[in-house]
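1. The amino acid sequence is not available; the structure is as follows:
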């Protein structure tokens with residue numbers, strides 16, 4: 001057998017499995033399930049927005065309530081995982097592979113996903129369990145066992161198994177490594193091989209640096225993650241939004257056309273690479289699920305750690321996640337890419353964050369690359385510290401409290417490896433785990 005064909009065969013198998021999992025039945029389940037929850041809750045996400053903001057500000061907080069972090073820290077911890085490279089690089093992937101219309105289906109998934117997030121995170125507090133050390137814990141694995149009974153524990157273990165791999169920071173690490181190596185390593189000829197590309201050694205060393213920085217935070221557990229996220233998330237969202245406003249103002253004439261293109265392409269299916277309406281919907285829903293995690297259950301672990309005795313309160317706070325993540329941040333990225341026109345000129349095949357970098361460079365000459373670097377560093381770092389909590393919690397549910405340090409080490413190794421691996425393979429692998 002030709003060994004050169006083996007990586008291609010493996011890549012194709014990942015692509016096939018990913019496409020099969022994310023077929024129309026799963027899309028109907030995610031969108032249809034979210035729509036059902038929206039109607040069943042009598043449109044709670046849209047009618048109780050003001051009340052959710054009051055809870056977030058701490059109006060009803062009691063420091064004596066069970067839990068480890070307050071409502072704001074819980075939301076920021078959850079957002080630190082979702083408002084990450086999926087918003088900068090993931091939207092670019094959606095637009096280049098599914099066309100501008102994919103963004104519309106991301107909006108749909110986010111709108112109905114708010115109700116899904118409300119229910120899952122309410123359940124995370126309602127059915128909190130205790131680990132082997134007696135600590136209060138929340139998340140799908142606990143409300144499956146506590147709510148449905150011990151006979152459903154295999155389902156909880158299956159969730160944790162896929163969570164251990166699906167929540168690895170593969171995309172964030174890969175995209176940050178790609179951005180830094182292309183923007184700084186190559187121009188300065190650091191670790192550049194004979195083929196004019198940055199060597200695996202250079203990418204790996206940068207991966208080690210990322211792992212060390214992340215490790216310092218995540219060893220402190222959810223309390224340290226919550227404190228760091230509460231400071232980092234508001235800053236990075238405001239910085240990114242500020243840069244976006246500047247770019248969109250300088251391309252104001254193109255913005256209306258970009259919005260029209262999103263809606264028209266959503267139903268015609270003239271995708272850049274997808275080529276069909278079903279492909280546009282599939283890619284939009286995939287990237288939305290990866291971005292805001294509505295229906296995935298992972299964020300319920302962070303919200304399950306909130307200090308509260310009222311499950312509904314935390315559900316109301318949690319439902320703000322898809323709105324901030326997809327309806328605001330992802331929309332910003334999509335409009336930047338479309339209004340600057342960079343998605344139409346992919347001759348050198350820039351993908352992910354590199355396409356967004358091209359849009360920033362075009363929108364804010366000279367300073368754009370450096371401003372995006374700060375955003376990318378913040379978004380990637382926030383994702384990596386946020387997802388670490390999910391991986392360790394899933395691992396501890398499967399193997400017990402002693403698994404915490406080994407799972408952290410496993411997580412940090414994932415950061416290093418994904419800094420080197422090809423982007424397409426990582427995306428397909430993550431889609432399989434999320435599916």
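-> Sure, I can see it. The model shown is predicted, which means the values in this text are computed figures rather than measured ones. Residues are numbered from 1 along each chain as shown.

2. so which helix or strand takes in residue 121?
-> Here residue 121 sits within helix 101-126, counting by DSSP states H and E.

3. Note down every partner strand of the helix or strand just after that helix and its orientation.
-> Later in the chain than helix 101-126, the nearest helix or strand by DSSP H and E is strand 129-130. Paired with strand 129-130 in the same sheet, following DSSP bridges, are strand 136-137 (antiparallel).

4. and the next helix or strand after the strand it pairs with, which residues are buried?
-> With elements assigned by DSSP H and E, the helix or strand that comes after strand 136-137 is helix 140-148. For helix 140-148, the neighbour count (16 or more other Cβ atoms under 10 Å) marks 140-146 as buried. The C-beta positions use only the backbone N, C-alpha and C, and glycine is treated the same way.

5. Serialize those to TSV and add fields for pLDDT and distance to residue 60.
-> Converted to TSV, the buried residues of helix 140-148 look like this (pLDDT from 0 to 100; distance: Cβ to Cβ, whole Å):
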residue	pLDDT	distance to residue 60
140	90	25
141	90	28
142	88	24
143	87	22
144	90	28
145	89	29
146	87	24
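
6. any low-confidence regions in the stretch 1-150 of the chain?
-> Residues of the stretch 1-150 of the chain meeting the criterion pLDDT under 70: 1-11, 19-23, 131-134.

7. switch to 90 and redo it
-> 1-35, 42, 44-46, 56-113, 116-117, 120, 124-125, 127-139, 142-143, 145-150 (pLDDT under 90).

8. Next: the stretch 201-350 of the chain.
-> 201-204, 220-223, 225-227, 229-231, 233-234, 237, 264-309, 321-327, 329-330, 341-350.

9. Show me where the stretch 151-300 of the chain has its helices.
-> Taking DSSP state H, counting those that start in this stretch as the criterion, the stretch 151-300 of the chain contains helices spanning 153-166, 170-180, 200-218, 221-250, 255-268, 277-292, 299-303.

10. Output the contacting helices and strands for whichever helix or strand comes after the shortest one.
-> What it means is helix 299-303. Sequence-wise, the next helix or strand downstream of helix 299-303 (DSSP H and E) is helix 311-318. Judged by 3 or more Cβ pairs under 8 Å, 6 or more residues apart in numbering; DSSP states H and E, helix 311-318 is in contact with helix 49-56, helix 71-82, helix 101-126, helix 299-303.

11. re earlier: and among the helices of the stretch 151-300 of the chain, the most buried is which?
-> Most buried of these, by mean neighbour count (mean count of other Cβ atoms under 10 Å): helix 299-303, with a mean of 30.

12. Name the residues that touch that one?
-> Residues from elsewhere that reach helix 299-303 (Cβ atoms under 8 Å, 6 or more residues apart in numbering): 74-75, 77-78, 81-82, 117, 120-121, 123-125, 138-140, 143, 222, 293, 314-315, 317-318, 321, 386, 389-390, 393.

13. about what we covered before: got the angle between the helix holding residue 121 and helix 255-268?
-> With axes from the mean of the first three to the mean of the last three Cα atoms, to 10 degrees defining the directions, helix 101-126 sits at 80 degrees from helix 255-268.

14. the inter-axis angle of helix 101-126 versus helix 311-318?
-> If you take the same axes, to 10 degrees, helix 101-126 sits at 150 degrees to helix 311-318.

15. Helix 101-126 to helix 140-148, inter-axis angle?
-> Going by the same axes, to 10 degrees, helix 101-126 makes 60 degrees with helix 140-148.

16. one step back: which one, of the helices of the stretch 151-300 of the chain, ends up nearest to residue 364?
-> helix 221-250 (6.0 Å; Cβ to Cβ).
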